[in-house]
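1. Here is the input, now give the coordinates:
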Amino acid sequence: MELFSEIYSCYYQVLRHLLTGKNSLTLQEIRNQIHKEGFEESLLAIIPKLENNTWNLFERQEQKYLSKLTSSFVTPLSLLEKSYLKALLADPRITLFLDPAQLVTLEDMLASVTPLFRQEQFFYYDQFTGGDPYEDEGYRQIFRTLLYAQKRKLYVDLDYNSPAGRRVHHYYVPARLEYSVKNDKFRLLALKQSNTSKMKLEILNLSRIQSVRLTEKTLSASTDLNRIIRDTYYKEPVRLHIINKRNALERAMLHFANYEKNTRKIDQDTYECLIYYNQMMETELLIEVMSFGPMLKVVGNDRFLKSLKTRLRRQLVLGEQPHQDS
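-> Numbering: from 1, shown residues only. All right, here's what the predicted structure looks like:
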């Protein structure tokens, strides 16, 4: 693994916690910690390197692993990392997570650093235009309020313009904020009380939220937001086979990063990825699967395969229309 990676920074944090621990751990305990702090696919990247001692970071004592580093181990930022952080400060989305005072402090600290890249160097060929207004202070305030409420399980009083033009006013509990690379937009997974007293999941586009106000009402601590979201998923996930050529596995993990998934290796060059989704996510997932490329094969479920074939036939007909008119 590289000395620094903006993609796998999570892996470094997981390993840091493992390496600074004072106690020896079984492989299962290491798996549990990686699963808790990393991504579902983190096990694929980390565990084999520990088992075959590629990284030479742990001393194996019978069935346990003990870090070769002391608990006082520190990792100062390298010039490359500072350069990457300086580049992030130019991304307008960073203002959603940092207030003006924090931005000024970071800019002063990195004043002498040359950014690793500049925003104008990138062209997103498959991204829709008209993304969210990240530089609008009203939008930023709404985002920060929702993020604050989501971390504390607070109800919010929210006004929303639906895509159909209908004004919606309701009390919601922000459950999750997600970003769509293809649409360049954030969306809110929010829960509201239904007529049957059960919590109902809705997906709201952040740019359509007109106002949001914090309330003093808090969701019960025993309520598991992730479980409620999982309960909306179809029973059978989408089953994908990824041929790991031309870095396809890494690209797939980034491409489908906003979905809950499980990934495992099934042979030398093939990985199986299960993606969990509900009806509200289906159309976008279809588009993302179709846009990925030939290294990905959909092998299930039947419902998704049927929708995929229907969409492909529709595109084929649209593609033939100009020839029919000539």
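2. so where's the stretch 201-326 of the chain uncertain?
-> Where the stretch 201-326 of the chain drops to pLDDT under 70, the residues are 321-326.
3. at 80 instead, please
-> Along the stretch 201-326 of the chain, the model assigns pLDDT under 80 to residues 221, 318-326.
4. What segments of it are strands?
-> 209-218, 238-243, 260-265, 270-276, 296-300 (DSSP state E, counting those that start in this stretch).
5. Spell out the residue ranges of the helices in the stretch 201-326 of the chain.
-> 225-231, 248-255, 279-292, 302-325 (DSSP state H, counting those that start in this stretch).
6. Touching, residue 273 and residue 243? I think so.
-> No - Residue 273 lies out of contact with residue 243 (C-beta atoms under 8 Å); the separation is 11.6 Å. Glycine gets a C-beta too; all of them are placed from N, C-alpha and C.
7. The two - which one has more neighbours?
-> A count of neighbours by other C-beta atoms under 10 Å puts residue 273 above the other of residue 273 and residue 243, at 22 against 14.
8. how much space is there between the most centrally placed residue in the chain and residue 180?
-> Among the residues of the chain, the one closest to the centroid is residue 258, at 3.6 Å (C-alpha atoms, centre = their mean). Using C-beta to C-beta, to the nearest Å, residue 258 is found at 7 Å from residue 180.
9. Then residue 123?
-> 18 Å.
10. higher neighbour count, those two?
-> residue 180 (17 against 6).
11. how near is that one to residue 89?
-> Per C-beta to C-beta, residue 180 is found 23 Å from residue 89.
12. what is residue 203 paired to in the beta sheet?
-> Assessed by DSSP bridges, residue 203 has beta-bridge partners residue 189.
13. from memory it sits against residue 188, does it?
-> Yes - assessed by C-beta under 8 Å, residue 203 is found in contact with residue 188 at 7.2 Å.
14. more neighbours, the two?
-> residue 188 (26 against 14).
15. Skip the chain neighbours and tell me the closest residue to the more buried one.
-> Nearest residue to residue 188, sequence neighbours excluded (C-beta to C-beta, 6 or more residues apart in numbering): residue 204, at 4.6 Å.
16. How about residue 256?
-> Using C-beta to C-beta, 6+ apart, the closest residue to residue 256 is residue 275 (6.0 Å).
17. can you pull the contacts of that neighbour?
-> 237-238, 240, 256, 259-261, 285 (C-beta atoms under 8 Å, 6 or more residues apart in numbering).
18. same thing but at 6 Å, please
-> 237-238, 256, 259, 261 (C-beta atoms under 6 Å, 6 or more residues apart in numbering).
19. Out of the helices of the stretch 201-326 of the chain, which gets nearest to residue 110?
-> Residue 110 lies closest, by C-beta to C-beta, to one member of these: helix 248-255, at 25.7 Å.
20. just the CA coordinates of that closest one, formatted as CSV?
-> This file holds the C-alpha atoms of helix 248-255, laid out as CSV (Å, rounded to 0.1, in the frame of the first residue of the first chain):
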residue,chain,number,x,y,z
ALA,A,248,-12.1,-2.7,-11.6
LEU,A,249,-12.6,-3.7,-8.0
GLU,A,250,-11.3,-0.3,-6.7
ARG,A,251,-13.4,1.5,-9.2
ALA,A,252,-16.5,-0.4,-8.2
MET,A,253,-16.0,0.2,-4.5
LEU,A,254,-15.9,4.0,-5.3
HIS,A,255,-18.7,3.8,-7.8
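21. Check which helices and strands that helix sits against.
-> strand 238-243 (3 or more C-beta pairs under 6 Å, 6 or more residues apart in numbering; DSSP states H and E).
22. Which other helices and strands does the strand it packs on contact?
-> Strand 238-243 sits against helix 248-255, strand 270-276, strand 296-300, with contacts defined as 3+ C-beta pairs under 6 Å, 6+ apart.
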